[in-house]
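Participant: Everything below, folded, please.
(chains A, B and C)
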Amino acid sequence: MFEYAPAPESREIVDIKPSYGLFIGGEWVDSQGEDHHKTINPASEEVLAEVAWATEADVDRAVQAARTAFTTWSALPGSERAKYIFRIARIIQERSRELAVLETLDNGKPIRESRDVDLPLVAAHFFYYAGWADKLGYAGFGSDPRPLGVAGQVIPWNFPLLMLAWKIAPALACGNTVVLKPAETTPLTALAFAEICRQADLPPGVVNIVTGAGETGAALVNHPGVDKVAFTGSTEVGRMIARSVAGTRKKLTLELGGKAANIVFEDAALDQAVEGIVNGIFFNQGHVCCAGSRLLVQESVADEVLDALKRRLSTLRLGDPMDKNTDIGAINSAAQLAKIRELSEAGVTEGAERWSPPCPIPDRGFWFPPTVFTGVAQSHRIAREEIFGPVLSVLTFRTPAEAVEKANNTPYGLSAGIWTEKGSRILWMADRLRAGVVWANTFNRFDPTSPFGGFKESGYGREGGRHGLEAYLAV
Amino acid sequence: MSTTTAPFAEVASSNATLRAFLHGLPGVDRVGADARAAMLGTRSIKTTAKAQAIDLAISMVDLTTLEGADTPGKVRAMCAKAVHPDPTDPSVPRVAAVCVYPDLVATAVRALDGSGVKVASVATAFPSGRSSLDVKVTDTALAVAAGAAEIDMVIDRGAFLSGDYLKVFEEITVVKAACGGAGVARGEQGAHLKVILETGELATYDNVRRASWLAMLAGADFIKTSTGKVQPAATLPVTLIMLEAVRDFRLRTGRVIGVKPAGGIRTTKDAIKYLVLVNETAGADWLTPDLFRLGASTLLNDLLMQRQKMATGRYAGPDYFTLD
Amino acid sequence: MSERLAVRKTYKLFIGGAFPRSESGRSYAVTSSKGDFLANASKASRKDARDAVAAARKAFPGWSSATAYNRGQILYRVAEMLEGRRAQFVAEVVDADGVTAKKAGELVDAAVDRLVWYAGWSDKIGAIRGSANPVAGPYFNLSTVEPTGVVAVVAPPMGPLLGLVSVIAPLIVTGNTCVVVASERAPLPSITLAEVLATSDLPGGVANILTGSAGEIAPWLAGHMDVNGIDLTGADADLAVRCEELAAENLKRVLRPAQDRIDWLADPGTDRMTAFLETKTVWHPIGV
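Facilitator: Purely as a prediction, here's the structure:
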């Protein structure tokens, strides 16, 4: 037997302050309120730092700072804005190890993922949009497209720094200034990013970071001085935001929930399909809006695929997110864990069969084993509701048309997966799947050049690529 | 004469049935396979696990010399190294085998007598395989007669790529029979047959999977990536696909086949990546020299240097290890 | 000799390619800009709106998967048919808007030309809005546009023909299907346009036209969970806010009313098409 010895990444590289203020107008300022909350390491429940929960007055101050900065920032030649953003990209590359450790500590995701996926994509995203800043006239939105003004941005906890990059990079490239609110459970990398803005000599007020929870977010979204709202998170909150901007001129983009079907045909490259299924739902503990949470497998290979999947899941390594060999880290919060448990129990109650590999669970922290439900019907809650955890619901189908019908039978439409070695079938399926991203013979791939976003209740607008500029230009 | 495993008894009844079977195997997506191998390559094997892995890797090495300039002297020196890789440290395990050309088998057998290190010989018009079946069989028989315990044969890649799977199949079965040597009639076990697919010439991962199954169905004891004479030689993804093949073959037949990546494995880091690949693909059952080998020459010294670094805490230097 | 008594047209709704009366049995008197009685138009109810959405949904799979070439041909056919009824539309526009016959003629010509313009976009908008994305890895990555689905439209109260054509054409040319609430004040050209649509090879249900009160019907469409988008071009400020709030329930794509008065004779640009297009990005590995 070959046991891998613990291989923990060192946390010495990060320097977490005991408490953080708000980053407004290029300075660290204290909140005008008294509301401070602790952010913890979900793998150990250890307190990492205390952060302020910004009040309406704090948000107002941040929006004013962004408004003031907008005048000069939007007037800068695009080539100058570009150089600031390139600088930011480089600093992120230089500090990527530190940022990866910080992300893992605050979020609970495995260091392998924050190191090999999150951070490279974060740097790449800034690098990509930096290049657009002086080429906006070629983007197909008119010869001299104008920025919108102040962007209010609210991001989730699943990819804290990556979602920040998706929001801030295109906003700055287009000449907007931003007020960004990170998620309440994962503020630390956004606060580190504030320091990066200072290292880059970014003009004060171009980027403002206000920490807090839902009320802070609402204050930001509803602030009359905000010209653009960008939100990534739950469909429920997205709905509220869409309602709240009604009657304003605020431009809105939303990247919301999903319940993606990952469709495996009998002629698929099965070993890679199994990897794709695993990556689709167990990447980032399943805290992924585009996760392939519904496996639709053709009946003729269902047993074979499930056997292979279960064998493969038995090799997954759950545990300390800082261990370089960990595949499944901690669930981000107690609240999220409770939600995953609740839905999983509903799955059992509704008659689906639950399976997890033998998997020791650490004593402290928030954990949920990789879980597979078989015998799932379309009507089960676990086949309809977004679980946002490492829980896969397996359904079967007989024909391509049935697969499409089941895949599309959801109010969501963010992503989908297709596994078949037959090219024309891929294109036939891709045509019919009502989803913004279709991964064929791969899954959960991301790139700054590739537009990302959903159909239907998964939101609107695209992030990434030329398309991603539109959200931040007056077009 | 056929050694085809029972569930697949009919598979090789004609080239058409063989082709239908091999082309009915699930395809391999190259990018996905590459990504999986690369991910496993990021496993961090440290401290006790590393020490364990280094000794395991040493014990799996097929220490190889396959040069036109090989001499009995060179082979004897290599054999000495195989038995005692580090003369200053008796706790270092011996390697699994030495691998030489047929004409040097007798030399190696004498040098290794009683050591437990096996003698493997390449055969069948190695490395190109471009000769008549008679020559290939004779080549094999000579090596076996000289005392080789293991035969590393090459498949006819030309026949494989032209779709003549039955020819490849039959060659393997005939060579397998020749591995039995004269002793099989007396109930002795024949030489183990390693079938070299020369994956660097097979062009696609689909072909690697098909060639693996073809070799296993025809009676291979081991499937081996490469001769070492063609680039690319062993790679992680190719080995991954072969490990999937032996895993699936056991599930369907109960027979356990070994895997040997050969060529291009030079560092401890490389070797450990292969062990991780075995561990997380075929499973821990394959983590034994009986079922997994590393065909290499310079790798051994790097393993020894890393081993010494683990023991002493100092980085080692090449001058302190023999070059045989 | 007495003057011949004209045979008047009955103006009904246009749903699923058919011309039903409102299920409610209601109608309302439509007058010219001078106040003369013109006709009784059907006053659509929420149930008519529901039926129209069902018809639009039913038409969506076929229409959205028709080739772009085919959709362009059909839009061009609509232009041909409209041209053929030029005199009738001129008369209706004169009645509705109180403009001179010359001005009305210009507006009808512009409507025909607009249809021709959009017809040409059918197989080009995808090339303009799609992209091949150079991702950093061995993947083929292509973004294409697809129609949003069923789109509700509050048509502009002014410009009963040109405005109406200018909101319908960009929706249907890209493969959406729509339910249009016509100008409440001047609905008659919309039903005549429906007659053109019905005889132009446009599949039934692709465009559905309701006459009546936008204030009454539009909120039902805005809140309808099987409607994917709403164009509020013709909604007044209060109605627009109400509809946008209702549209949030299933996250409809919303095109808000313009801030400034729209010049329907100006180059429309591509915005009305892109407002109801979804970008789909497909990835596939590249390997042998």
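
Participant: and the stretch 151-300 of chain B, which residues reach chain A?
Facilitator: B:241, B:244, B:275-276, B:279-280, B:284, B:287 (CB under 8 Å from any CB of the partner chain). Heads up, the C-betas are built off the backbone N, CA and C, glycines and all.

Participant: Contact partners for B:L22?
Facilitator: B:165, B:210, B:213-214 (CB atoms under 8 Å, 6 or more residues apart in numbering or on different chains).

Participant: Tabulate those (a markdown table), appending neighbour count.
Facilitator: Formatted as a markdown table, the contacts of B:L22 follow (neighbours: other CB atoms under 10 Å in any protein chain shown):
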| residue | neighbour count |
| --- | --- |
| B:Y165 | 27 |
| B:R210 | 24 |
| B:W213 | 23 |
| B:L214 | 26 |
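
Participant: From those residues, which land in strands?
Facilitator: Counting by DSSP state E, no part of the contacts of B:L22 is found in strands.

Participant: ok, so of the residues you listed, who is nearest C:E195?
Facilitator: B:R210 (64.4 Å; CB to CB).

Participant: Find the nearest non-adjacent residue to that closest one, please.
Facilitator: Closest residue in space to B:R210, ignoring its immediate chain neighbours: B:L22 at 4.1 Å, by CB to CB, 6 or more residues apart in numbering or on different chains.

Participant: So what touches stretch A:347-367?
Facilitator: With CB under 8 Å, 6+ apart, stretch A:347-367 has contacts from A:41-45, A:108, A:310, A:313-314, A:316, A:318-320, A:330-334, A:336-337, A:344, A:369-377, A:380-382, A:391, A:393.

Participant: Buried members of the residues of the stretch 151-300 of chain B next to chain A into PyMOL, please.
Facilitator: Buried residues within those, by 16 or more other CB atoms under 10 Å in any protein chain shown, are selected in PyMOL with:
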select buried, chain B and resi 241+244+275+276+279+280+287
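
Participant: which two in the residues of the stretch 151-300 of chain B next to chain A are spaced the farthest apart?
Facilitator: Maximum pairwise distance among these (CB to CB): 19.4 Å, between B:I241 and B:A284.

Participant: Quick one: residues contacting residue 271.
Facilitator: No chain specified, so I'll use chain A. Listed by CB under 8 Å, 6+ apart, the contact set of A:D271 reads A:308, B:26, B:28, B:32-33, B:36, B:241, B:244.

Participant: Actually, chain C is the one I wanted.
Facilitator: By CB under 8 Å, 6+ apart, the residues touching C:D271 are A:V475.

Participant: Tell me how far it lies from C:V135.
Facilitator: 28 Å (CB to CB, to the nearest Å).

Participant: can you check C:V165 too?
Facilitator: According to CB to CB, C:V165 stands 40 Å off from C:V135.

Participant: Between these two, which has more neighbouring residues?
Facilitator: Legend: neighbour count by other CB atoms under 10 Å in any protein chain shown for C:V165 and C:V135, higher for C:V165 (29 against 20).

Participant: Okay, and the closest residue to chain A within chain B sits in which element?
Facilitator: Here the residue of chain B nearest chain A is B:G32; by CB to the nearest CB that distance is 3.2 Å. Using DSSP states H and E, B:G32 sits within helix B:30-40.

Participant: ok, back up a step: want to throw the contacts of B:L22 into a markdown table with distance to A:A62 and pLDDT?
Facilitator: Shown next, in a markdown table, are those (distance: CB to CB, whole Å; pLDDT from 0 to 100):
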| residue | distance to A:A62 | pLDDT |
| --- | --- | --- |
| B:Y165 | 70 | 98 |
| B:R210 | 62 | 98 |
| B:W213 | 64 | 98 |
| B:L214 | 67 | 98 |
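
Participant: Helices of the stretch 151-288 of chain C, residue ranges please.
Facilitator: Secondary structure of the stretch 151-288 of chain C, counting by DSSP state H, counting those that start in this stretch: helices at C:162-173, C:188-198, C:214-223, C:237-247, C:271-274.

Participant: between these, which gets nearest to A:K181?
Facilitator: Closest approach to A:K181 among the helices of the stretch 151-288 of chain C is made by helix C:237-247 (23.2 Å; CB to CB).

Participant: OK, contacts around the nearest residue to A:E98 once chain neighbours are set aside?
Facilitator: In space, and not counting its chain neighbours, A:E98 is closest to A:I13: 4.8 Å by CB to CB, 6+ apart. Residues in contact with A:I13 (CB under 8 Å, 6+ apart) are A:97-98, A:101.

Participant: Name the member of these with the most neighbours.
Facilitator: Counting by other CB under 10 Å, top hit in those: A:V101 with 21 neighbours.

Participant: burial count for the closest residue to that one other than its chain neighbours?
Facilitator: Excluding its sequence neighbours, the residue lying closest to A:V101 (CB to CB, 6+ apart) is A:V14, at 5.1 Å. Neighbours of A:V14 under the rule other CB under 10 Å: 20.

Participant: Check what pLDDT A:V14 gets.
Facilitator: As predicted, A:V14 sits at a pLDDT of 97.

Participant: What backbone torsions are found at B:L112?
Facilitator: Per-residue torsions, B:L112: phi -100, psi 10 (degrees, to the nearest 10).

Participant: Leaving out sequence neighbours, find the closest residue to it.
Facilitator: B:C79 (5.1 Å).

Participant: Could you give the number of residues near that neighbour?
Facilitator: B:C79: 24 surrounding residues under other CB under 10 Å.

Participant: How about the secondary structure of C:V145?
Facilitator: What DSSP: H, G, I helix; E, B strand; the rest coil gives for C:V145 is strand.

Participant: which ones are touching it?
Facilitator: By CB under 8 Å, 6+ apart, C:V145 lies in contact with C:125-126, C:129-130, C:174, C:274, C:277-280.

Participant: And the pLDDT for the residue of the stretch 1-150 of chain C found nearest chain A?
Facilitator: Distance from chain A to each residue of the stretch 1-150 of chain C (CB to the nearest CB) is smallest for C:V135, at 3.8 Å. C:V135 is assigned a predicted lDDT (pLDDT) of 98.

Participant: go on, A:V154?
Facilitator: With respect to pLDDT, A:V154 scores 98.

Participant: State the distance from it to A:N176.
Facilitator: Taking CB to CB, one finds A:V154 at 15 Å from A:N176.

Participant: Can you point out the helix or strand that includes B:K176?
Facilitator: Assigned by DSSP H and E, B:K176 belongs to helix B:165-180.

Participant: outside of that helix, which residues touch it?
Facilitator: With contact meaning CB under 8 Å, 6+ apart, helix B:165-180 is reached by B:1-3, B:12, B:14-15, B:18-19, B:22, B:123-124, B:133, B:136-137, B:140-141, B:144, B:151, B:153, B:155-156, B:159-160, B:190-193, B:195, B:210-211, B:214-215, B:217-220.

Participant: that older thread, the residue of chain B closest to chain A and C:I286 touch, don't they?
Facilitator: No: using CB atoms under 8 Å, B:G32 is not in contact with C:I286, being 11.7 Å away.

Participant: hmm, back to that, quickly note the distance from the residue nearest to B:R210 to A:G417.
Facilitator: 27 Å.

Participant: hmm, back to that, so the residue nearest to A:V101 versus A:S79, what's the distance?
Facilitator: If you go by CB to CB, the gap between A:V14 and A:S79 works out to 34 Å.

Participant: Which of the three states applies to the one residue in the stretch 251-400 of chain A that gets nearest to chain C?
Facilitator: The stretch 251-400 of chain A approaches chain C most closely through A:L254 (6.7 Å), counting by CB to the nearest CB. When classified by three-state DSSP, A:L254 comes out as strand.
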